[in-house]
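**Student:** no sequence on this one, just coordinates:
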């Protein structure tokens, strides 16, 4: 408290602010409130004594007035502690606080009456005049209540008279309990950011109604019309029942009309400490790209994961770590997490040990290209299920280092697949990418080669193995928030003031959230019988230019005015659009509407294995052209795009034409 006064005094002396703004004092500490309450009770007791001092002075002389005053104050302090009347922030006092004061003073009154009559029955004389106690009750409650009311009104007065902040006129979408709670909290918060001028609801209203003395307006068409009619410049989304499509439509409409969009969390999820106004934050692009929650069959994953030994490779990566978190919920017998990145694996270890203290977990630092280390792991652990998420994924880097892509994406996958067969793992689930379809870069080609190898390996087991390892491939597109993805890149660029860099104005991509992708990986792993390539429904493709523009607007800037958008040109190996299936592939539905089976042509295992061995041999010799040429031989549809390896395609075409 003293610190607040010192800050204000310094501000006045320095001339920084000539006005005394009582709002700078955030709140009275509890001890100060308690001392003030005690002083008020003492004053009310003195007031009572002055009234009753001339009434029957010959009675009630067991204790002096001084001793009686101490007893009254002590009983009140006891009930102040019981009812915590001093614990609330006075400027936010409510009916509940008034009730606590009433209970505390009434309890003190009845306790003092009880003490007085107890002494009467024991020694034949009362301590207190009951009329005096009634006067004291009224005086104490009145002073305590008026003190809080006075502080609250003084604060409100200074908040209005000395208001120097610029408030954002906003309307809130929704008229449910959550919306009402958000508005109530924003109205009393300081420093204030928002002045909520009304509620918007889709419910048809038969009459004009008001909530918290603010109008409730129906919006049946465009939201911006209703927002502008209330003279607002922003909306706050609090409606929990809005579908992704409805939310997207509202945001689109608002952004087109320069209306800012904010998101309010569910009130029950609010924590302590952070000001309520700060919990209402600008809408993030992830909120718009998320789709309806996925409903999954929990029982089949319980049967596959509970009590089993599970290996997750690439476990410290964005996809692998989420698979680890989801698998941990199913109480496996042992969860083995493998990655070559030391620091991310260490961070994940701390997280998992804190969240799942009873989980039998083992963290292994290892490169998937290290056969001996992997075999030792398989020998020492009876592994039931492998989730293979380890991969190099950055297209431009792999274009410059094709041998490294082969070592991890092909040789690493081959090592794990062969060991899974040798040590009889039940399931092998491989995380692949849409870049493996009609690949235009080394990264996509190596992932396609890995797909082809595990698929052909499964079919090669069928002739001789009654219970073959079931190899299952899952294929999906870009994952929101994953390491190196475009959304976090754009965020950093916007925070730095731009420019936001886009490789091509017409480039499009599919997006999926990390939890959603990993849920579908687990689901596909349980439904697969072996040899399938599961393709996920990624929703509608997103134009990256539109994505950048929306992110800039959501951040409160004008595209190409405050934040520039810069076209940098396609990167090596990059193409304008990604595909989940090639032209010859057909799909079959599954019991889950978001998962389909892609029917790719299965090649002969011996042929695939031989070509992959040659690719790995060329990679060991660090001969980039040889590596890429052999990849193109294995995958005829692999045509390099915007890459130095395009010359290999031209060379092949010239040979064919001759």
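**Tutor:** Received, thanks. Note that the structure is a prediction, hence the values are computed from the model and not measured.

**Student:** quick check: phi and psi on residue 237?
**Tutor:** The phi/psi pair for residue 237 (degrees, to the nearest 10) reads phi -80, psi 120.

**Student:** wait, a strand at residue 311?
**Tutor:** Yes. Counting by DSSP: H, G, I helix; E, B strand; the rest coil, residue 311 is found in a strand.

**Student:** bridged to it, which residues?
**Tutor:** residue 336, residue 386 (DSSP bridges).

**Student:** give me the neighbour count for it.
**Tutor:** 27 (other C-beta atoms under 10 Å). For glycine as for every other residue, the C-beta is placed from the backbone atoms N, C-alpha and C.

**Student:** touching, it and residue 380? I think so.
**Tutor:** No. Contact criterion C-beta atoms under 8 Å: residue 311 and residue 380 do not qualify, at 11.7 Å.

**Student:** what about residue 453, how many neighbours?
**Tutor:** 24.

**Student:** list the contacts for it?
**Tutor:** By C-beta atoms under 8 Å, 6 or more residues apart in numbering, the contact set of residue 453 is 410, 413, 414, 417, 608, 609, 612.

**Student:** how about the helices in the stretch 401-550 of the chain?
**Tutor:** Ranges of helices within the stretch 401-550 of the chain are 402-405, 413-422, 442-461, 486-495, 514-527, 544-554, based on DSSP state H, counting those that start in this stretch.

**Student:** same check on the stretch 1-150 of the chain?
**Tutor:** Along the stretch 1-150 of the chain, counting by DSSP H, counting those that start in this stretch, helices occupy 2-14, 30-52, 65-83, 95-123, 130-161.

**Student:** which SSE is immediately downstream of the longest one?
**Tutor:** Right, helix 130-161. Downstream of helix 130-161, the first helix or strand assigned by DSSP states H and E is strand 168-173.

**Student:** partner strands of that next one and their direction?
**Tutor:** Sheet pairing of strand 168-173 (DSSP bridges) gives strand 194-201 (parallel), strand 234-237 (parallel).

**Student:** ranking these by burial, who's on top?
**Tutor:** Across the strands paired with strand 168-173, the average number of neighbours (mean count of other C-beta atoms under 10 Å) peaks for strand 234-237, which reaches a mean of 24.

**Student:** show me what the next helix or strand after it is packed against.
**Tutor:** Next helix or strand after strand 234-237 toward the C-terminus (DSSP H and E): helix 244-256. Packing partners of helix 244-256 (3 or more C-beta pairs under 8 Å, 6 or more residues apart in numbering; DSSP states H and E): helix 223-229, strand 234-237, strand 260-263, helix 285-289, helix 544-554.

**Student:** return the most buried member of those.
**Tutor:** Most buried of the helices and strands packed on helix 244-256 by mean neighbour count (mean count of other C-beta under 10 Å) is strand 234-237; its value is a mean of 24.

**Student:** quick check: mean pLDDT across that strand?
**Tutor:** For strand 234-237, mean pLDDT is 84.

**Student:** next one: stretch 310-330
**Tutor:** pLDDT averaged over stretch 310-330 gives 94.

**Student:** what about it, how long is it end to end?
**Tutor:** 11 Å (C-alpha to C-alpha, to the nearest Å).

**Student:** so this structure: which segments form each domain?
**Tutor:** Structural domains assigned to the chain are 21-161, 168-283, 300-481+511-540+575-634, following automatic domain parsing.

**Student:** chain center to the last one: distance?
**Tutor:** This points to domain 300-481+511-540+575-634. Taking C-alpha atoms, centre = their mean, to the nearest Å, one finds domain 300-481+511-540+575-634 lying 26 Å from the centre of the chain it belongs to.

**Student:** kindly report the same for the shortest one.
**Tutor:** Relative to its parent chain, domain 168-283 has a centroid offset of 20 Å by C-alpha atoms, centre = their mean.

**Student:** check the first one too.
**Tutor:** A distance of 47 Å separates the centroid of the chain from that of domain 21-161, by C-alpha atoms, centre = their mean.

**Student:** quick check: mean pLDDT of it?
**Tutor:** Here the average pLDDT along domain 21-161 is 77.

**Student:** not counting its neighbours along the chain, what's nearest residue 217?
**Tutor:** Excluding the flanking residues, the one nearest residue 217 by C-beta to C-beta, 6 or more residues apart in numbering is residue 226, at 5.1 Å.
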